[in-house]
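> Task: produce atomic coordinates for the following.
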Amino acid sequence: MSRQLAGTGTLLRFALRRDRVMLPVWVAVNALMVLSMPNTLKTLYATPAQRADLMHQMATNTSLRAVVGPVFDDSLGALTAWRVGVYAGALAAGMSLLVVVRHTRDEEESGRQELISSGTVGRRAPLTAALLAAAVANALLGLLIAAGLARQGAAGALAFGLGVAGAGMVFATAAAIVAQLTESARLARGLTAAVLGAAFVLRAAGDSASSDGSSVLTWLSPLGWLENLRAFAAERWWVLLLFVAATALQVLAAYALAGRRDIGMSFLPTRPGPAAGRLGTAGALAWRLQRGSVLGWSLGFFLAGVVYGGLTDGAAKLVGDNAQAREIFQRLGGRSGLTDAFLAAMVGMLGLVAALYIVSAVLRLSGEETSGRAEPVLAGAVGRLRWAAGHLLIAFGGSALIMLLAGLGFAVGYGRQIGLVLGACLLQVAAVWVIGGLAVLLLGVLPQGVTAAWGVAGAALLIGWIGPALNVPRAVLDLSPFGHLPKLPGGHLDWTPVGVLPALAALLVAGGLAGLRRRDLAAG
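Residues are numbered from 1 along each chain as shown. Model prediction:
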């Protein structure tokens with residue numbers, strides 16, 4: 001077995017070096033989201049009466065319970081686990097699946113793994129190194145959560161930290177299995193993300209049907225296990241065994257599959273070429289490569305709009321006369337009525353998430369370049385700018401499309417102020433395009449550091465999500481392009497940032513394309 005793992009340490013160090021920007025950003029955003037909650041919740045629910053009212057509202061409000069889960073205790077620690085537990089677990093899962101696919105199937109698809117395996121590298125070393133990289137990130141995240149929440153109760157903090165890390169490892173090992181089954185890294189990420197989405201839906205359906213997490217549907221989801229661990233509320237330590245068992249079984253399955261296939265091959269067959277039609281332009285090829293991502297994000301944003309729109313009235317009732325909660329929503333969504341502030345806050349949240357889409361779509365250019373697939377395209381009568389334009393049209397146009405569909409989702413879920421909410425969603429596109437422009441600039445000028453674009457999107461997410469709750473200075477909020485957008489519906493419409501931000505995005509894209517045109521392509 002030692003020969004099978006030869007070179008694991010070297011590959012692990014290499015993986016951590018490659019992810020030295022992405023992993024710290026993911027861990028920091030997740031940890032800060034969790035650790036900022038106790039002080040925020042202490043302000044929001046300062047009295048026993050307010051906490052009792054919250055627990056009553058969550059016991060009776062099925063729609064809100066589906067989004068954040070049930071409340072098991074009124075302590076600050078238990079409220080923190082309730083408010084951010086599901087989302088911390090989902091973020092850890094997303095981080096983990098990206099890491100594992102990046103260092104397994106991505107490496108094989110690019111041809112680098114075949115070169116590495118020609119040296120003194122064991123057959124299972126790459127898979128082991130990828131899983132260990134995910135384990136390091138999840139362990140650090142769990143440690144930060146446990147240490148940061150220790151004042152709320154050492155046992156609960158430890159349980160919560162272990163639960164979040166455990167959820168991450170369950171999806172890391174699931175990604176390891178999917179990476180053996182598929183020949184495409186894009187498909188591997190998509191399938192594992194679909195599993196994560198199914199886990200969230202199962203938990204939401206179970207929690208809407210039961211106020212104590214006892215539904216069978218909740219127990220079918222690893223995110224439901226995290227919830228039923230009941231951190232800070234008479235911890236169920238045995239639930240951690242579910243994470244351990246699922247992780248161990250999936251590791252064994254991934255190892256068994258890895259030992260039965262050749263490098264670059266997969267168990268699921270890949271169709272040789274398009275099933276119908278033909279690809280006559282670089283833009284058509286870009287659409288064929290990215291259409292699955294666009295359709296998936298579009299569906300997700302439409303459903304998110306429906307859900308958040310349906311929650312609007314319930315959220316207003318939940319806040320009630322709580323002045324502190326009202327203040328938080330007003331910082332997020334503007335100094336208007338509570339309903340408008342909630343709508344503006346949710347629209348802003350979706351805009352921040354859309355920044356992740358545009359970065360992933362722009363970085364598809366980097367993937368095509370480093371894998372060597374761009375060279376055959378550019379060898380024909382296709383220039384670099386024309387090749388890049390197809391992907392950038394999908395990236396920037398797709399971000400506008402998903403925000404439009406989010407607005408239509410709000411129209412279905414909320415059913416009022418349709419024009420205002422739709423306009424508010426489309427205004428977010430201006431800031432999203434700035435993030436996309438920065439990604440293009442990095443791609444053209446600093447291709448070795450292009451993954452820093454994830455750090456930019458993560459920083460914008462961190463500032464926009466946590467900054468208002470912590471009441472950080474205005475100068476910090478203004479570091480993000482989203483901080484300059486008007487808070488609609490309900491706020492004053494200032495056209496200046498709406499015009500300046502797209503112009504800035506255009507300048508960034510122009511700079512990136514100029515750099516791409518002059519520099520050498522990366523070796524595949």
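> where does the stretch 51-200 of the chain have low pLDDT?
113-114, 117-119, 121-122 (pLDDT under 70).
> Mind jotting down where the helices sit in it?
Counting by DSSP state H, counting those that start in this stretch, the stretch 51-200 of the chain has these helices, from start to end: 62-68, 76-103, 105-110, 112-117, 125-148, 154-181, 185-209.
> mind giving me CSV with those and columns for distance to L311 and mean neighbour count?
Yep, even glycine has a C-beta here, placed from its N, CA and C like the rest. Listed next are those as CSV, based on distance: least, Cβ to Cβ, whole Å; neighbours: other Cβ atoms under 10 Å:
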stretch, distance to L311, mean neighbour count
helix 62-68, 6, 18
helix 76-103, 14, 26
helix 105-110, 37, 22
helix 112-117, 45, 16
helix 125-148, 26, 23
helix 154-181, 24, 26
helix 185-209, 12, 20
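> Pull the number of nearby residues for D53.
Using other Cβ atoms under 10 Å, D53 has 16 other residues around it.
> And for D212?
13.
> what residues are up against the closest residue to it other than its chain neighbours?
Among residues not flanking D212 along the chain, P70 sits closest, at 6.0 Å (Cβ to Cβ, 6 or more residues apart in numbering). Shown in contact with P70 (Cβ atoms under 8 Å, 6 or more residues apart in numbering): 58-59, 82, 207, 210-213, 227.
> now with 6 Å?
Counting by Cβ atoms under 6 Å, 6 or more residues apart in numbering, P70 makes contact with 207, 211-213.
> Could you do A406 as well?
Applying Cβ under 6 Å, 6+ apart, we find A406 in contact with 301, 305, 350, 425.
> A159: which of the residues you listed is nearest?
The nearest member of the contacts of A406 to A159, counting by Cβ to Cβ, is L350 at 31.5 Å.
> Just list what the helix or strand hosting the closest one packs against, helices and strands only.
Take DSSP states H and E as the rule and L350 turns out to sit in helix 338-370. Identification of packing neighbours for helix 338-370 by 3 or more Cβ pairs under 6 Å, 6 or more residues apart in numbering; DSSP states H and E yields helix 282-319, helix 323-333, helix 384-413, helix 418-445, helix 452-470.
> now those helices in JSON lines, with distance to A157 and mean pLDDT?
Listed next are these as JSON lines, based on distance: least, Cβ to Cβ, whole Å; pLDDT from 0 to 100:
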{"stretch": "helix 282-319", "distance to A157": "26", "mean pLDDT": "81"}
{"stretch": "helix 323-333", "distance to A157": "24", "mean pLDDT": "56"}
{"stretch": "helix 384-413", "distance to A157": "35", "mean pLDDT": "91"}
{"stretch": "helix 418-445", "distance to A157": "34", "mean pLDDT": "92"}
{"stretch": "helix 452-470", "distance to A157": "19", "mean pLDDT": "77"}
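> Those into a markdown table, with extra columns for distance to A505?
Shown next, in a markdown table, are the helices and strands packed on helix 338-370 (distance: least, Cβ to Cβ, whole Å):
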| stretch | distance to A505 |
| --- | --- |
| helix 282-319 | 19 |
| helix 323-333 | 24 |
| helix 384-413 | 8 |
| helix 418-445 | 4 |
| helix 452-470 | 13 |
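> Tell me which of those is the most buried.
helix 418-445 (a mean of 24; mean count of other Cβ atoms under 10 Å).
> closest to T370 among the contacts of A406?
Among these, and counting by Cβ to Cβ, the member closest to T370 is F301, at 28.8 Å.
> just checking, the closest one touches L405?
Yes - if you go by Cβ atoms under 6 Å, F301 and L405 touch, sitting 5.2 Å apart.
> tell me the mean pLDDT for the helix holding L350?
Taken as a whole, helix 338-370 has a mean pLDDT of 85.
> Next, the angle helix 185-209 makes with it.
160 degrees (axes from the mean of the first three to the mean of the last three Cα atoms, to 10 degrees).
> any idea of the angle helix 338-370 forms with helix 418-445?
Using the same axes, to 10 degrees, helix 338-370 lies at 30 degrees relative to helix 418-445.
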